[in-house]
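Q: sharing a sequence plus its predicted fold:
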Amino acid sequence: MYIGDPRGSVRGRRLITEVVHSRPQGLITKMGTTGEKIIVNANYYRVIKRPNWTIYQYRVDFTPEVDNTRCRRALLNEHRGLIGGFIFDGTVLFCSNRFQEVHNSPYALELVAKNRAGEPVHVKIKHVGTVEVADNQQFQVLNLILRRSMEGLSLQLVSRNFFDAKAKINLDSYHMELWPGYQTSIRQHESDILLCVEITHKVMRTDTLYNILSDAVRDGDDHQSEFKRQVVGMIVLTDYNNKTYRVDDIDFESSPLSKFETKEGVISYVEYYKKRYNITITDVRQPLLVSRPTEKNIRGGMNQLIMLIPSLARATGMTDAMRANFRLMKAMSEHTRLTPERRIERLRVFNQRLNQSKESTDVMKSWNIELDRNLVEIPARVLPPERIVFGNGKRYMCDHRADWTAEFRSNSMFSHVDIKRWYVITLRRSLRETQEFIRMCIRTANAMKMVIAEPRYEEISDDRNSSYSQAIDNATAQDPQIVMVVMKAPNEEKYSCIKKRTCVDRPVPSQVVTLKTIAPRPDKAAGVMSIATKVVIQMNAKLMGAPWMIELPVRGLMTVGFDVCHSSKYKNKSYGALVASMDLRSSCRYYSSVSEHMKGQELSDQLSINMTYALKAYRDHHGTLPERILFFRDGVGDGQLYQVVSTEIKFVKDRLDEIYKSAGKEEGCRMAFVVVAKRINTRYFYNKRNPSPGTIVDDVITLPERYDFFLVSQSVRQGTVSPTNYNVIHDNMGLSADKLQMLSYKMTHMYYNFSGTCRVPSVCQYAHKLAFLVAESINRAPSSGLENQLYFL
């Protein structure tokens with residue numbers, strides 16, 4: 001039975017993922033020209049090196065043969081003064097010094113070291129090549145150098161990142177600590193090797209799993225099931241070896257008195273922890289936590305179950321109950337939501353510590369590199385603001401807030417659908433409050449030149465799931481345009497029941513609101529008019545109206561968004577949602593579809609099938625195929641990029657070309673395929689403030705092997721704004737990089753759930769919303785009768 005190596009083997013040492021060359025061939029420039037030119041700073045530092053700095057690769061042989069890697073390292077360490085900084089895995093040696101070959105010998109260096117017995121061992125070092133600039137190995141070496149130099153900062157490695165336990169922030173009333181730390185990565189960017197540093201925080205709970213177990217025993221009859229429900233799937237930290245594990249099961253049959261095999265013989269867990277870590281386990285009746293070995297553990301030859309003691313395992317991360325605790329989230333955000341100025345200051349302190357710690361600078365010097373003291377400066381552009389088009393051709397020029405909510409007070413919607421037949425389902429005792437809110441919605445709609453008739457009310461006596469289902473059946477029998485359901489309070493199970501009924505069994509657009517939102521306390525009643533406006537806009541969008549529009553210069557364009565959401569209920573299931581526009585210049589229609597797939601399953605097949613259906617919908621609507629397709633692919637982790645580039649795009653392109661050629665278009669389909677990434681560590685600042693919406697960066701911090709750019713499209717009131725990365729992996733649309741950047745920015749203005757810009761193109765946000773709804777609430781494909789409506793808003 002494996003307990004956990006205190007030296008921390010390879011766990012937490014994963015470096016940068018594989019370099020994927022996704023830059024389309026024949027691309028001349030990826031830089032745009034439109035917009036006001038500015039200079040921004042980013043959270044990157046230049047790694048300064050000699051002009052011809054190179055990483056050399058050597059093979060090392062030992063005579064007589066030495067089997068143990070640790071002994072090999074020790075023998076090589078005797079000559080550190082000659083070799084300089086090096087990284088050695090037992091056979092291959094990397095360093096930045098070039099050694100000339102010895103005359104009449106294949107070896108660059110022939111050294112002699114002494115083993116523990118004092119016997120001479122010949123160490124022969126042979127030059128086998130250099131590590132190329134954009135090679136995966138270079139990143140691995142550079143990141144290992146960085147890790148070594150950061151070890152001099154007295155930081156603690158938790159999982160993959162370094163945290164400063166000494167600077168922890170105590171939130172005692174919530175049994176929590178916040179550990180500030182750094183997420184770092186170093187790689188070759190356009191012309192320099194850059195170090196990216198992002199300020200991060202780790203939520204460390206002060207309670208152990210033993211506390212959770214004690215609470216479960218105190219509160220319930222079936223404490224075993226309750227404990228299991230709470231902790232299975234949780235990531236825990238064991239302080240004695242500073243490692244994290246995933247809890248996969250609970251073994252209630254075992255206890256700390258149970259015994260297991262070691263090299264020294266059979267021993268109990270109580271004895272083991274006392275002997276190895278000088279830890280006394282007081283409650284010897286507690287069960288054991290089971291952590292299955294990861295794929296990486298198995299590859300390393302460690303395939304036994306890992307057993308952990310609840311009282312020695314600290315819970316990490318946050319529960320849903322914690323996230324729902326407004327006061328806790330507010331207390332945390334005061335420390336984690338850093339303004340640009342505070343973030344820049346923290347980055348300056350990090351740089352200062354790294355440049356002033358002798359241990360850190362010695363590592364850098366041994367590799368002939370140093371870290372620039374200033375944040376990198378980058379040329380950027382602010383794209384011209386967009387014009388939002390309302391009813392009667394009225395236009396509003398966006399400002400730096402990128403929010404046009406207030407404009408609905410004086411403008412009608414771009415196009416609307418009058419609601420003449422609709423039902424409102426509400427609890428009998430809440431009828432008066434509901435009717436008051438509906439009257440407000442009708443008044444709001446009138447101000448926007450939209451007619452909403454008085455609805456029919458379906459009253460229910462209680463809020464059981466069956467009552468909602470029956471009321472929905474009664475309402476849909478009358479063929480309404482839309483059904484509004486008023487819930488007493490937010491409840492995932494009831495919401496799921498309502499959405500299953502209205503999206504699958506009785507397909508009808510539905511609007512779910514809670515009593516707390518539509519009938520708040522008197523002191524919060526001021527915002528009800530704004531809520532009514534949002535509800536009316538949403539209902540209009542669900543019925544194929546368009547609350548607003550943008551000026552789009554490209555005709556015959558289909559924009560497509562695709563995102564994936566994993567089911568929290570069924571761990572191996574995921575849902576991929578595709579949402580496509582039907583040429584926004586001439587139609588407000590969308591097409592959507594969802595497909596279920598199992599963990600590890602290829603998406604190419606389903607993606608191309610869904611695209612075929614989307615093209616059919618476009619053809620049915622317009623009588624022709626789109627002239628161009630702009631495909632935004634979300635939900636791609638770094639590790640999946642290779643598969644998307646090598647398989648998915650080819651599969652989709654071949655299928656679409658087939659359809660276009662059979663329709664008489666011999667040149668095939670003109671399409672740009674763009675991977676959109678939100679979870680990135682890049683941040684940039686303009687004059688120590690957040691950059692304006694529309695700020696584009698397409699140089700210096702972008703990657704030479706990609707056709708990529710960064711775009712800040714949204715405005716934030718708190719903290720630092722996060723840019724979005726766009727990586728164009730295929731493009732034969734015939735548009736310049738400049739036009740593609742502007743189109744991407746325009747598309748962030750079309751998300752009808754919020755009258756402002758969002759972080760990603762609206763079709764991606766729609767796809768995310770749909771995938772999330774199906775994964776969390778419906779767990780099956782919605783009815784095809786709703787595929788032309790934004791019913792999931």
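A: Cool, the structure landed.

Q: CA atoms for contacts and neighbours, from now on please.
A: Noted.

Q: thought residue 697 was touching residue 379?
A: Yes: assessed by C-alpha atoms under 8 Å, residue 697 is found in contact with residue 379 at 7.1 Å.

Q: those two: which has the busier surroundings?
A: residue 697 (25 against 14; other C-alpha atoms under 10 Å).

Q: residue ranges with poor pLDDT in the stretch 301-450 of the chain?
A: 301 (pLDDT under 70).

Q: where exactly do the helices run in it?
A: 320-323, 326-336, 340-356, 358-366, 431-447 (DSSP state H, counting those that start in this stretch).

Q: list the contacts for residue 468?
A: Contacts of residue 468 were listed using C-alpha atoms under 8 Å, 6 or more residues apart in numbering, and they are 425, 460, 497, 498.

Q: quick one on the thing from earlier: switch the helices of the stretch 301-450 of the chain over to TSV; also include distance to residue 510 and mean neighbour count.
A: Shown next, in TSV, are the helices of the stretch 301-450 of the chain (distance: least, C-alpha to C-alpha, whole Å; neighbours: other C-alpha atoms under 10 Å):
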stretch	distance to residue 510	mean neighbour count
helix 320-323	26	10
helix 326-336	28	13
helix 340-356	41	17
helix 358-366	59	18
helix 431-447	15	18
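
Q: how about CSV for these, with distance to residue 209 added?
A: Listed next are these as CSV, based on distance: least, C-alpha to C-alpha, whole Å:
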stretch, distance to residue 209
helix 320-323, 16
helix 326-336, 20
helix 340-356, 33
helix 358-366, 37
helix 431-447, 45
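
Q: longest helix of the chain?
A: helix 604-622 (DSSP state H).

Q: tell me the angle of the helix or strand following that one relative to helix 604-622?
A: Next helix or strand after helix 604-622 toward the C-terminus (DSSP states H and E): strand 628-633. Interaxial angle of strand 628-633 relative to helix 604-622 (axes from the mean of the first three to the mean of the last three C-alpha atoms, to 10 degrees): 140 degrees.

Q: adjacent strands (with direction) for strand 628-633?
A: strand 557-566 (parallel), strand 671-677 (parallel) (DSSP bridges).

Q: state the mean pLDDT of it.
A: The predicted model gives strand 628-633 an average pLDDT of 95.

Q: just give me how far the helix or strand that that strand is followed by sits from the chain centre.
A: Next in sequence after strand 628-633, counting helices and strands by DSSP H and E, comes helix 641-643. Taking C-alpha atoms, centre = their mean, to the nearest Å, the mean C-alpha location of helix 641-643 is offset from the chain mean by 16 Å.

Q: tell me which residue is most central in this structure.
A: residue 679 (3.9 Å; C-alpha atoms, centre = their mean).

Q: what about residue 462, is that helix, strand or coil?
A: coil (DSSP: H, G, I helix; E, B strand; the rest coil).

Q: residues touching it, list them.
A: Each residue near residue 462 by C-alpha under 8 Å, 6+ apart is listed here: residue 427.

Q: look up how far residue 117 lies from it.
A: 84 Å (C-alpha to C-alpha, to the nearest Å).

Q: ok, now residue 696?
A: 63 Å.

Q: what does residue 497 give?
A: The value you get for residue 497 to residue 117, if C-alpha to C-alpha is used, is 74 Å.

Q: and these two? Which one has more around it.
A: Between residue 497 and residue 117, counted using other C-alpha under 10 Å, residue 497 has the larger neighbour count: 17 against 6.

Q: would that one count as being in a helix?
A: Yes: checked against three-state DSSP, residue 497 lies within a helix.

Q: check which helix or strand covers residue 272.
A: Using DSSP H and E, residue 272 sits within helix 269-277.

Q: tell me the average confidence for that helix?
A: 91.

Q: for that helix, name the packing helices and strands.
A: Under the contact definition 3 or more C-alpha pairs under 8 Å, 6 or more residues apart in numbering; DSSP states H and E, helix 269-277 sits against no other helix or strand.

Q: contact partners of that helix?
A: Outside helix 269-277, the residues within contact range by C-alpha under 8 Å, 6+ apart are 240, 256, 257, 258, 259, 260, 279, 280, 281, 284.
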